[in-house]
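*Asks:* need a structure here:
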Amino acid sequence: MGLVVQKYGGSSVADAESVKRVARRIVDAKKAGNDVCVVVSAMGDSTDELIDLARQISPLPPARELDMLLTAGERISMAVLAMAIANLGHEARSFTGSQAGVITDSVHGKARIIDVTPGRIRGALTDGAIAIVAGFQGVSQDTKDITTLGRGGSDTTAVALGAALGADACEIYTDVDGVFTADPRIVPTARRLKRISSEEMLEMAASGAKVLHLRCVEYARRFGLPVHVRSSFSQNEGTWVIDTASMGAEGENVEQPIISGVAHDRSEAKITVVGVADQPGKAAQIFEAVAAAEINLDMIVQNVSAAATGRTDVSFTLPKTDVQTAMTALTKVQEQIGFDALRFDDQIGKVSLIGAGMRSHPGVSAQFFKALAEAGVNIEMISTSEIRISVVTRADAVDDAVRAVHTAFGLDSEGGEAVVYGGTGR
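*Replies:* Now for the predicted structure:
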């Protein structure tokens with residue numbers, strides 16, 4: 001008998017019929033001899049609807065109360081799913097994040113998991129019941145308040161529970177058949193990957209691929225938990241996300257493909273700090289101010305200083321939702337740092353090429369930039385890691401850039417178009 005943790009996204013439980021279909025799938029896993037723990041997201045777009053409701057009530061709702069409101073969506077899902085399983089003749093017990101022992105820090109809206117103490121979940125499984133857990137939420141270790149983990153946080157809940165329970169695998173069910181070489185909504189000829197290393201999946205998630213939450217991949221890699229990404233709308237085999245050592249232990253050809261995929265992200269904006277004195281310590285002051293506002297940055301570029309003035313510009317990208325906070329924080333220290341002005345641009349997009357094989361293959365960068373040039377895509381910023389090349393371009397050029405690069409590296413499938421079963425992608 002194995003222990004499997006399954007996570008179902010909002011599109012998988014969007015309505016009553018979808019909930020019944022998911023219930024049948026869960027019961028099938030139980031009948032196959034597994035202990036089953038299920039993590040569920042809010043139904044359909046109900047989280048977005050709750051956010052809209054909050055904004056109609058208050059332009060700046062208190063963070064504690066917003067978390068309390070948003071966790072209602074998952075509580076509805078877990079309860080109706082438990083009812084559907086009961087109708088099929090099996091016992092299911094639903095638990096909120098706090099009841100499941102998901103303990104977090106006290107940062108509302110983007111809390112991090114500190115510990116998982118799944119005593120009640122173990123008890124339910126020992127009694128032969130199916131445990132249903134509300135994703136995306138936990139309880140603060142300090143304040144005992146309800147917290148949320150940020151969008152996509154149900155993925156992280158599932159992996160954290162899987163690690164704490166010693167599960168054999170964590171199955172992430174979504175509305176596509178796995179991890180593809182690009183978003184099939186933009187590139188219909190994208191290919192499904194049978195396996196991908198956790199290292200590459202981390203880069204893809206950080207670069208905008210929405211099939212898995214970044215912190216979910218980090219957690220799975222830390223605890224060595226295999227993750228199976230698949231569709232709840234079909235019985236097709238999905239994509240296994242496993243560590244690199246495991247990929248080489250299968251007795252198969254361990255040579256990594258040069259490129260695993262192309263990711264894109266339209267959720268970022270760019271801020272430019274204009275006219276910074278080109279002196280030691282100025283960049284540190286800028287980024288200390290941003291860090292104090294608890295904002296994560298992505299790409300950073302500093303221009304060569306003008307010889308006549310001794311001043312330079314510093315640009316960086318960050319989530320669009322954090323632009324106003326960052327601008328406010330920097331304006332407060334403008335006189336202290338001594339820069340001339342701030343500019344922001346929210347009409348940008350990021351395109352990234354990811355592949356562990358590029359470590360040992362020269363010419364990947366040249367081929368990448370040639371493909372963009374031939375598609376008429378202008379590059380504004382460049383960032384690289386050992387297995388990733390990212391560029392910032394205009395938002396309206398992202399789709400063309402993704403398709404051009406995907407084709408240039410021979411990633412297009414010859415087996416027809418990829419299927420997208422749901423609508424939202426989560």
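*Asks:* so who does A306 touch?
*Replies:* T312 (Cβ atoms under 8 Å, 6 or more residues apart in numbering). Placement of C-beta: from N, CA and C, glycine included.
*Asks:* before we move on, what SS does it have?
*Replies:* coil (DSSP: H, G, I helix; E, B strand; the rest coil).
*Asks:* cool, N378 as well?
*Replies:* Here N378 is recorded as coil under three-state DSSP.
*Asks:* confirm for me that it is in contact with D400.
*Replies:* No: N378 is beyond contact range of D400, at 11.4 Å (criterion: Cβ atoms under 8 Å).
*Asks:* pLDDT weak spots in the chain?
*Replies:* 1, 244-257, 307, 415-426 (pLDDT under 70).
*Asks:* specify the residue positioned farthest from the middle of it.
*Replies:* A308 (44.6 Å; Cα atoms, centre = their mean).
*Asks:* tell me how far that one lies from R122.
*Replies:* 69 Å (Cβ to Cβ, to the nearest Å).
*Asks:* with A373 instead?
*Replies:* From A373 to R122 the distance is 57 Å (Cβ to Cβ).
*Asks:* and for D396?
*Replies:* Taking Cβ to Cβ, one finds D396 at 51 Å from R122.
*Asks:* show me which of those two is the more surrounded one.
*Replies:* R122 (18 against 10; other Cβ atoms under 10 Å).
*Asks:* leaving out sequence neighbours, find the closest residue to that one.
*Replies:* L165 (7.0 Å; Cβ to Cβ, 6 or more residues apart in numbering).
*Asks:* what's the local residue count around that neighbour?
*Replies:* There are 20 residues near L165, going by other Cβ under 10 Å.
*Asks:* check contacts around it.
*Replies:* Per Cβ under 8 Å, 6+ apart, neighbours of L165: 3, 5, 37, 118, 121-122, 125.
*Asks:* let's see that with 7 Å instead.
*Replies:* 3, 5, 37, 118, 121 (Cβ atoms under 7 Å, 6 or more residues apart in numbering).
*Asks:* wait, S234 touches D177, no?
*Replies:* Yes: between S234 and D177 there is a contact under Cβ atoms under 7 Å: 6.4 Å.
*Asks:* between these two, which one's more packed in?
*Replies:* D177 (21 against 12).
*Asks:* roughly how far apart are the more buried one and T239?
*Replies:* 8 Å.
*Asks:* list residues touching both of these two?
*Replies:* In contact with both D177 and T239: R192, using Cβ under 7 Å, 6+ apart.
*Asks:* I114 falls within a strand, correct?
*Replies:* Yes: per three-state DSSP, I114 lies within a strand segment.
*Asks:* quick one: it and S106 touch, right?
*Replies:* No: in this structure, I114 is not within contact of S106 by Cβ under 7 Å, at 9.9 Å.
*Asks:* you'd agree C170 is in a strand?
*Replies:* Yes: assessed by three-state DSSP, C170 belongs to a strand.
*Asks:* contacting residues around it?
*Replies:* 5, 158-159, 162, 220, 225, 227.
*Asks:* 10 Å instead, please
*Replies:* For C170, the contact set (Cβ atoms under 10 Å, 6 or more residues apart in numbering) comprises 4-7, 37, 39, 155, 158-163, 216, 219-220, 223, 225-229, 241.
*Asks:* leaving out chain neighbours, which residue sits closest to it?
*Replies:* G162 (4.0 Å).
*Asks:* what ranges does the stretch 201-350 of the chain have for its strands?
*Replies:* 227-231, 239-242, 261-265, 268-277, 300-302, 311-319, 341-345, 348-354 (DSSP state E, counting those that start in this stretch).
*Asks:* CSV for those strands, including mean neighbour count?
*Replies:* Converted to CSV, these look like this (neighbours: other Cβ atoms under 10 Å):
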stretch, mean neighbour count
strand 227-231, 23
strand 239-242, 24
strand 261-265, 26
strand 268-277, 20
strand 300-302, 15
strand 311-319, 20
strand 341-345, 13
strand 348-354, 25
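*Asks:* is it possible to get a markdown table of these that adds distance to E199?
*Replies:* As requested, these are arranged in a markdown table below (distance: least, Cβ to Cβ, whole Å):
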| stretch | distance to E199 |
| --- | --- |
| strand 227-231 | 13 |
| strand 239-242 | 10 |
| strand 261-265 | 13 |
| strand 268-277 | 22 |
| strand 300-302 | 22 |
| strand 311-319 | 22 |
| strand 341-345 | 31 |
| strand 348-354 | 9 |
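*Asks:* ok now stretch 283-303, how far from the chain's centre?
*Replies:* How far stretch 283-303 lies from its chain's middle: 22 Å, per Cα atoms, centre = their mean, to the nearest Å.
*Asks:* list the buried residues for that stretch?
*Replies:* Across stretch 283-303, burial judged by 16 or more other Cβ atoms under 10 Å covers 283, 286-287, 289-290, 295, 297-299, 301-302.
*Asks:* intersection of neighbour lists for I114 and S106?
*Replies:* Both I114 and S106 are in contact with 140-142, where contact means Cβ under 10 Å, 6+ apart.
*Asks:* ok, now which ones touch the spatially most central residue of the chain?
*Replies:* In the chain, the residue lying closest to the centroid (Cα atoms, centre = their mean) is H213, at 2.4 Å. By Cβ under 10 Å, 6+ apart, H213 lies in contact with 136, 149-159, 172, 205, 219, 426.
*Asks:* please redo it, this time with the cut-off set to 8 Å
*Replies:* Taking Cβ under 8 Å, 6+ apart, one finds 152-156, 205 in contact with H213.
*Asks:* strands of the stretch 1-150 of the chain, start to end?
*Replies:* Using DSSP E, counting those that start in this stretch, strands in the stretch 1-150 of the chain cover 3-8, 35-40, 92-95, 102-104, 113-116, 130-134, 137-140, 146-148.
*Asks:* please identify which of N378 and D400 sits among more neighbours.
*Replies:* D400 (17 against 11).
*Asks:* now the helix or strand containing that one and strand 348-354, what's the angle there?
*Replies:* D400 belongs to helix 398-408 when elements are defined using DSSP states H and E. Between helix 398-408 and strand 348-354, the angle comes out at 20 degrees (axes from the mean of the first three to the mean of the last three Cα atoms, to 10 degrees).
*Asks:* could you list the residues in contact with helix 398-408?
*Replies:* Against helix 398-408 from outside (Cβ under 8 Å, 6+ apart): 181-183, 186-187, 189-190, 262, 264, 266, 349-351, 353, 367-368, 370-372, 374-377, 391, 393, 412.
*Asks:* quick check on these: which are buried?
*Replies:* In terms of neighbour count (16+ other Cβ under 10 Å), the buried residues within those are 181-183, 186-187, 189-190, 262, 264, 349-351, 353, 367-368, 371-372, 375, 377, 391, 393, 412.
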